[in-house]
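Novice: Got a predicted model here, sequence first, then my questions.
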Amino acid sequence: MTINLQAKFPGFDIKSHEKLAPYTNTQVGGPAEWVFWPHRVQELIDVLALVRQEKMPVTVLGNASNLVIGDAGLEGLVIFLSHLNQITINRDDQTLKAGAGVPLIDVTQAALQDSLSGIEWAAGIPGSVGGAVYMNAGAYGGESADWISSITVLTPTNEIKTYQNVELDFGYRHSLVQTTGDVILDATFKLVPGEFKAIEMLMEDFNTRRALRQPLEYPSCGSTFKRPEGYYAGRLIMDAGLQGFTIGGAQVSTKHAGFIVNVNHATAADYIAVIRQVQAVVAQKFDVQLETEVRIFS
Ligand SMILES: Cc1cc2nc3c(=O)[nH]c(=O)nc-3n(C[C@H](O)[C@H](O)[C@H](O)COP(=O)(O)OP(=O)(O)OC[C@H]3O[C@@H](n4cnc5c(N)ncnc54)[C@H](O)[C@@H]3O)c2cc1C
């Protein structure tokens with residue numbers, strides 16, 4: 001029998017059988033057995049020590065903007081780090097340290113307020129700092145790898161460890177953390193002095209471009225597929241005639257073929273079926289295997 005985390009940790013922010021769909025950008029996904037929002041790192045350490053000893057599955061989520069959670073939900077414990085949300089700026093060395101749960105958009109706003117330049121490209125990315133490290137998020141020629149100097153993690157053996165940028169094996173939508181099972185606790189960005197107005201204008205320009213090209217009016221998980229070598233996923237999907245292709249409530253966006261949008265009460269099964277069909281048609285027509293950027297938890 002599964003342990004009762006609420007009974008073991010009274011006073012901690014823990015819920016049982018909580019529906020995950022409302023927490024995700026796609027608005028799909030079944031319930032989690034347990035959901036935990038640590039307010040301090042020590043709470044996280046305490047809970048992880050027990051659940052790992054009990055071999056309970058653990059899933060750490062950020063803003064859930066790059067994933068699809070299955071309709072059956074997730075076994076074990078889901079952790080949201082949204083309360084690890086401190087931002088500290090050191091004006092002397094132009095570093096900005098942010099907790100893993102800080103929305104990336106808030107990081108860009110904080111940098112702007114201190115006229116620190118470098119991460120304007122992230123202005124409209126709806127992820128958290130933890131997710132941006134894990135995925136090496138990027139846009140408009142910038143990516144996390146260029147601006148993160150170090151991160152702090154909690155290792156699978158519950159030790160706090162710091163990685164420097166060079167140790168993080170950053171690549172296209174890849175970081176070392178995808179292979180270690182570490183929980184990212186915070187990240188430090190090394191920025192450069194800039195001019196408030198210029199930073200603001202660049203952020204506005206990127207946001208305008210997003211609003212023009214991306215179907216922000218619908219729930220989605222952003223670009224569904226990684227860019228295949230030598231191609232653009234969106235262009236291949238468009239050329240395959242798949243824009244508007246719909247299963248249930250999930251649809252290949254008519255505005256940006258790289259996005260799959262939830263147009264009408266989609267289920268995770270709808271999303272996954274559209275993803276698989278797009279992969280099959282593109283493989284058959286162009287002999288290109290589209291790999292998902294979106295992470296599927298089912
Ligand atoms: C409208 C829209 C636009 C987008 N535009 C872009 C874009 O321009 N560029 C881009 O790169 N992405 C984009 N994305 C995708 C997404 O926002 C990014 O990948 C983002 O970095 C994911 O962050 P998250 O906090 O939402 O991560 P989640 O989706 O919650 O998680 C992603 C992965 O990271 C892991 N993870 C998250 N936090 C932690 C942590 N603290 N410790 C360990 N593992 C963790 C999760 O387990 C999961 O495997 C977009 C998405 C949407 C919906």
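Specialist: Received, thanks.
Novice: my read is residue 212 is in a helix, agree?
Specialist: Yes. Under DSSP: H, G, I helix; E, B strand; the rest coil, residue 212 falls within a helix.
Novice: separation between it and residue 138?
Specialist: Relative to residue 138, residue 212 is positioned 19 Å away (Cβ to Cβ, to the nearest Å). From N, CA and C alone the C-beta is placed, and that goes for glycine too.
Novice: out of these two, which sits in the more crowded spot?
Specialist: Under the criterion of other Cβ atoms under 10 Å, the comparison of residue 212 against residue 138 puts residue 138 first, with 18 against 10.
Novice: Contacts only, for the more buried one.
Specialist: 121, 144, 145, 173 (Cβ atoms under 8 Å, 6 or more residues apart in numbering).
Novice: tally of neighbours for the last one?
Specialist: By that I understand residue 173. Quick note: residue 173 (other Cβ under 10 Å) scores 18 neighbours.
Novice: Could you pull up the residues touching it?
Specialist: Counting by Cβ under 8 Å, 6+ apart, residue 173 has contacts 135, 136, 137, 138, 226, 293.
Novice: Please report phi then psi for it.
Specialist: Residue 173 adopts backbone torsions of phi 50, psi 40, taken as degrees, to the nearest 10.
Novice: Give me the pLDDT for it.
Specialist: Listed pLDDT for residue 173 reads 95.
Novice: ok, so what distance separates it from residue 144?
Specialist: 10 Å.
Novice: Identify the contacts common to these two.
Specialist: Between them, residue 173 and residue 144 share the contacting residues 135, 136, 137, 138, judged by Cβ under 8 Å, 6+ apart.
Novice: what's near enough to touch the second one?
Specialist: In this structure, residue 136 makes contact with 143, 144, 145, 170, 171, 172, 173, 174, 175, judged by Cβ under 8 Å, 6+ apart.
Novice: Could you dump these into TSV and include distance to the ligand and secondary structure?
Specialist: TSV is the format used below for the contacts of residue 136 (distance: Cβ to the nearest ligand atom, whole Å; DSSP: H, G, I helix; E, B strand; the rest coil):
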residue	distance to the ligand	secondary structure
143	7	strand
144	8	helix
145	11	helix
170	12	coil
171	13	strand
172	10	coil
173	7	coil
174	11	strand
175	9	coil
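Novice: Thanks a lot, see you next time.
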